[in-house]
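Colleague: quick one: sequence plus predicted model below, questions after.
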Amino acid sequence: MTAEDEKDSRNKEKTEEENDDDEADLDLDDDLTPPLPLDGGWGWVVVVASFLTNLIVDGTCYTFSVIYNDLLEYFQAGKAETALAGALVPGVYLIVGPIVGALANKFGCKIVAVIGSLIAAAFFVISAFSTSIVMMQLTYGVMGGVGFGLMYLPSIVMVGHYFDKKRALATGIAVCGSGMGTFVFAPLGSYLVREYSWKGANIIMGAIILHGVAFGGIYRPLEENRQNRRRLRRGKEPPKSRIMETIAEEKRRVRQMSVGSTNGVVITSDNEVIVVVGGNNNASADDSAVVPPQNKHLLDVVNYTGSKASVGSKRSQLSGSAAADLKRELAKPFARSDILYTGSVTNLPEYKTQKDMTSYVQSIISLPKESDSKVKRALKLVLEMFDFSLLKSGTFLVLAASGTLVFLGLYTPFVYVSQKAITELGSSPEKASLILSVLGICNTVSRIFAGWLADRKWIDLLIIHNVSAILAGVATAIVPVLNSYELLCVYAAFFGVNIAAFIALRSVVFVEMLGLKKLNNAFGLTSLFQGIAVLIGSPLSGALLEMTGSFTTSFVVCGVIIALGGVICLPVRKIAACEKAREERDKEKRGIYRKLAAKEIEAQGV
C-alpha cells in the first residue's frame, strides 16, 4: 500500500468517526425532547389506579350523610357545625390543589399520592377518638381533606400524563370512580355504622384509604427513551433528509471554529430539532422570530442550559448534570400546559396546527430558569396557579362565578336527601343510603357519556355545561314536594346525571373560552373559590334547617343557587368574543404607536 493510499484510508476513518460523533450528537438531542404519552400500555394500569383512588376519595366525601345523625347525637352539636366536619374534607382538598400540584411537580406524583394516603388514613383513625366536634372537624375534616387533596390531584394528572389522543376516554373512566364510590360506600358506610358505630366505621374507612398507598405506587414517571419512541412510531424510522445531512455538515464545520466566536443559533429539521448554542449562549427575542411555533420550547432549552451547552459540545458535556436536570424538567407533568385538560388533545387548535404529536408536545412545554432553585420553581408554579391577573378577565369571572355557585349547592343533596327520607318519609338508614347509590351509579354513567361527548365536534359542549347546571338546580328546588321514596330516587338519578356532566366538561369549557395556555393558571383560582364555596354550602343548609325546622328552605335555596350558576354562564361566549376583539384592537393600536415612534426617532436621527 502506497503512502497516498494510507493517507486516504486514514482520512476515510477520520470521516467515519466524525459521522459517528454527529449521529451521537443527534441521538443526544433526540433524548432531550419531551416525553411522549403512551396512549395505552401501562397507562391503562394508571387509569385503574386513578379510578380506585377517586372511588375512595369522592366516595367518602359524598357519603358523609351516613354518619351525620350519629355525630349529631354523639357530640350534641348543631346541624351547621356537624355539617362543617363533612364539608371540610372536599373543601380543603380543593383549596390545597395548587399546592399539591407544585409538590407533585417537585417530588413526583407517586410520592405525593402515597404520603396523602398515609395522612388521610391516619387521621380518619384518629378522628374515631375525637372528644368534641371541633376535634372531629380538625382530624376528619381538615387533615382528612389535606390527605385526600394529596391523593386526588396526582390521580388526575397522571392520566393526562399518559394519554393524549385517548385522554377523554381514559379520564372519563378514571373519574367514574367518584360515582362508583358513592354507589358502593353509601350502603357500605351504613352497614359499618350499624355494626360497629361511627367510630368503628371511621377506623375501617382509614384502613380502606390506606390502599391508596398501593395505587399511588403505580404512578411511575413517564420517561422518554428511544425504545419508547420507536414503539410509538410502530417501527418507522424518521426519513433521512438533506436538512439532516446539512446539520451534520454544519456540525463538522463548527468544530473547526472558535466556540467564543459563534452566536446562539436554533437549527431545525423536518424530523427533529437541534439546538446549537454559541459561546455567549444568549437566546434573544430575535431568535424567537425565526423559530417555528412547535419549536419555541427550545429557546427555553437554550436559556435553561446556559453555558453548559455549546456549539459542537461533546456527548460527555451534554449528558452531565445539566442534561439530566433538563430531562427531569421535561418529564414533569406541569411542564405541559394541557396537563389538566380532560378532553382528547386532538381536538385542540394547538394540536391541529402541528404536524404530529411530537411537535404538539414540544409546542406546549415550558421550562423554568436553571438558575432558580427547586423551591423557587415550586413557589413559582403555585403563584402561576393563583394568577390574580385573571380577575381582570370578564370571561374568567363568569366561569369562576358559575363554578362557585354550583359548588356552593353541590353537597347539600348528598348530605340531606337521605336525611329527608329518614325524617319525613320514615325510611330506615339503610334504605335511605340507597338513594345515594342511585345518584352515584347515574353519576358514573353520565361521566362516561360526557367524556364521549367531549370528542364529538358537532356538539356544543358549552350549552350542555350550562343546561346541566340549570336542570340540576331546578330539580333540587322541587325536592320539597317529592313526598315518596321512589320520587327521591328519580331525583337522585336526574341530579347525578346533570351534575356529573357539568363537572366533567369544566376543563373543556375553560380551554374553549380562555385558551389552553391559561388552563393551569385558572385551575388555582377556581379550586380556591370552589373549595370555599363547599365549606359554606352544607353548613349553610344545616343552619337553614335549624332555623326553619324543615328541609324546604335548604333545598329551594340550594336549587336556585345551582341553577343560577348555569344561567350566568349562558352569555360567556359573547363575553369572550368581545374581550378577544378588544385585545385585537389594543394590539393593533400598540403596533401603530410603535411604528409612529420608530418613524419619529428616525426623523430625529436624520
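Modeller: Arrived safely. Numbers count the residues shown, from 1 in each chain.

Colleague: so in this protein, which helix runs the longest?
Modeller: helix 167-209 (DSSP state H).

Colleague: next secondary structure element downstream of that one?
Modeller: Moving toward the C-terminus from helix 167-209, the next helix or strand (DSSP states H and E) is helix 212-216.

Colleague: name the helices or strands packed onto that next one?
Modeller: In terms of contacts (3 or more CB pairs under 8 Å, 6 or more residues apart in numbering; DSSP states H and E), helix 212-216 is packed against helix 42-62, helix 109-127, helix 144-162. Just so you know, the C-beta spots here come from the backbone N, C-alpha and C atoms, and that holds for glycine as well.

Colleague: that helix: how far from the chain's middle?
Modeller: Mean C-alpha position of helix 212-216 versus that of the full chain (CA atoms, centre = their mean, to the nearest Å) differs by 19 Å.

Colleague: what mean pLDDT does it get?
Modeller: Mean pLDDT, computed over helix 212-216, is 94.

Colleague: then stretch 569-589?
Modeller: What stretch 569-589 shows for mean pLDDT is 86.

Colleague: dump it to CSV, restricted to CA.
Modeller: Written as CSV, here are the backbone C-alpha positions of stretch 569-589 (Å, rounded to 0.1, in the frame of the first residue of the first chain):
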residue,chain,number,x,y,z
CYS,A,569,-72.7,31.3,32.1
LEU,A,570,-75.1,31.5,29.1
PRO,A,571,-73.6,34.7,27.7
VAL,A,572,-70.0,33.7,28.3
ARG,A,573,-69.2,33.0,24.7
LYS,A,574,-70.3,36.5,23.7
ILE,A,575,-68.3,38.0,26.5
ALA,A,576,-65.2,36.0,25.4
ALA,A,577,-65.7,37.2,21.8
CYS,A,578,-65.9,40.9,22.9
GLU,A,579,-62.8,40.5,25.0
LYS,A,580,-60.9,39.0,22.1
ALA,A,581,-62.0,41.7,19.8
ARG,A,582,-60.9,44.3,22.3
GLU,A,583,-57.5,42.7,22.7
GLU,A,584,-57.0,42.6,18.9
ARG,A,585,-57.8,46.3,18.7
ASP,A,586,-55.4,47.1,21.5
LYS,A,587,-52.7,45.1,19.8
GLU,A,588,-53.3,46.9,16.6
LYS,A,589,-53.1,50.3,18.3
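
Colleague: buried residues in that stretch?
Modeller: By neighbour count on 16 or more other CB atoms under 10 Å, the buried set for stretch 569-589 is 569, 572-573, 575-576, 579.

Colleague: likewise for stretch 390-400?
Modeller: Applying a neighbour-count criterion of 16+ other CB under 10 Å, one finds 390, 393, 395-400 buried in stretch 390-400.

Colleague: ok, which pair from those is furthest apart?
Modeller: Maximum pairwise distance in the buried residues of stretch 390-400, criterion CB to CB, is 11.7 Å, between 390 and 398.

Colleague: and stretch 69-80, how far from the chain's centre?
Modeller: The answer for stretch 69-80 is 36 Å, by CA atoms, centre = their mean.

Colleague: contacts for it?
Modeller: Contacts to stretch 69-80, defined as CB atoms under 8 Å, 6 or more residues apart in numbering, come from residues 82, 85, 130, 132-133, 136, 193, 197-198, 419, 422, 429, 539-540, 542-543, 545-546.

Colleague: can you tell me which of these are buried?
Modeller: Among the contacts of stretch 69-80, those buried by neighbour count (16+ other CB under 10 Å) are 82, 85, 130, 133, 136, 193, 198, 419, 422, 429, 539-540, 542-543, 545.

Colleague: inside strands: which ones of those residues?
Modeller: Among these, no member falls in strands (DSSP state E).

Colleague: between those residues, which is closest to residue 150?
Modeller: Nearest to residue 150 among these is residue 85, at 19.7 Å by CB to CB.

Colleague: low-confidence ranges in this structure?
Modeller: 1-35, 223-331, 367-378, 605-606 (pLDDT under 70).

Colleague: geometric centre of it: which residue is closest?
Modeller: Nearest to the mean C-alpha position of the chain, by CA atoms, centre = their mean, lies residue 340 at 2.6 Å.

Colleague: how about it, phi and psi?
Modeller: Main-chain dihedrals, residue 340, degrees, to the nearest 10: phi -100, psi 0.

Colleague: I'd say it and residue 158 touch.
Modeller: No. Residue 340 is beyond contact range of residue 158, at 11.8 Å (criterion: CB atoms under 8 Å).

Colleague: I figured residue 564 hits residue 405, correct?
Modeller: Yes. Using CB under 8 Å, residue 564 is in contact with residue 405, at 5.4 Å.

Colleague: who has more neighbours, these two?
Modeller: Neighbour count, other CB atoms under 10 Å: between residue 564 and residue 405, residue 405 has more, with 26 against 19.

Colleague: who's in contact with that one?
Modeller: By CB under 8 Å, 6+ apart, the contact set of residue 405 is 533, 561-562, 564-565, 568.

Colleague: what about residue 37, which SS state?
Modeller: At residue 37 the chain is in coil, as set by DSSP: H, G, I helix; E, B strand; the rest coil.

Colleague: quick one: it from residue 159, how far?
Modeller: Per CB to CB, to the nearest Å, residue 37 is found 10 Å from residue 159.

Colleague: count of neighbours near residue 597?
Modeller: For residue 597, the neighbour count with other CB under 10 Å is 10.

Colleague: how close does it get to residue 591?
Modeller: Separation of residue 597 from residue 591 (CB to CB): 11 Å.

Colleague: same question, residue 341
Modeller: In terms of CB to CB, residue 341 sits 31 Å off from residue 591.

Colleague: check residue 44 too.
Modeller: Here the criterion is CB to CB. By it, residue 44 lies 49 Å from residue 591.

Colleague: more neighbours, these two?
Modeller: A count of neighbours by other CB under 10 Å puts residue 44 above the other of residue 44 and residue 591, at 16 against 10.

Colleague: what's the neighbour count on the nearest residue to the more buried one once chain neighbours are set aside?
Modeller: Spatially, and ignoring its direct neighbours in sequence, residue 44 is nearest to residue 170 (7.7 Å; CB to CB, 6 or more residues apart in numbering). Neighbourhood size, residue 170 [other CB under 10 Å]: 27.

Colleague: any idea how far residue 170 is from residue 152?
Modeller: 16 Å.

Colleague: try residue 497
Modeller: According to CB to CB, residue 497 stands 22 Å off from residue 152.

Colleague: neighbour count winner among the two?
Modeller: residue 152 (28 against 22).

Colleague: pretty sure that one sits against residue 55.
Modeller: No. Assessed by CB under 8 Å, residue 152 is found out of contact with residue 55, at 11.4 Å.

Colleague: what's the spacing between the spatially closest residue to residue 182 that is not a sequence neighbour and residue 570?
Modeller: The spatial neighbour of residue 182 that comes closest, neighbours along the chain excluded (CB to CB, 6+ apart), is residue 440 at 2.8 Å. Going from residue 440 to residue 570 by CB to CB gives 29 Å.

Colleague: ends of stretch 154-173, how far apart?
Modeller: Length of stretch 154-173, first residue to last, CA to CA, to the nearest Å: 15 Å.

Colleague: any idea how far that stretch is from the chain center?
Modeller: Relative to the centre of its chain, stretch 154-173 is centred 9 Å away, using CA atoms, centre = their mean.

Colleague: please apply the same query to stretch 164-174.
Modeller: So, by CA atoms, centre = their mean, the centroid of stretch 164-174 is 13 Å from its chain's centroid.
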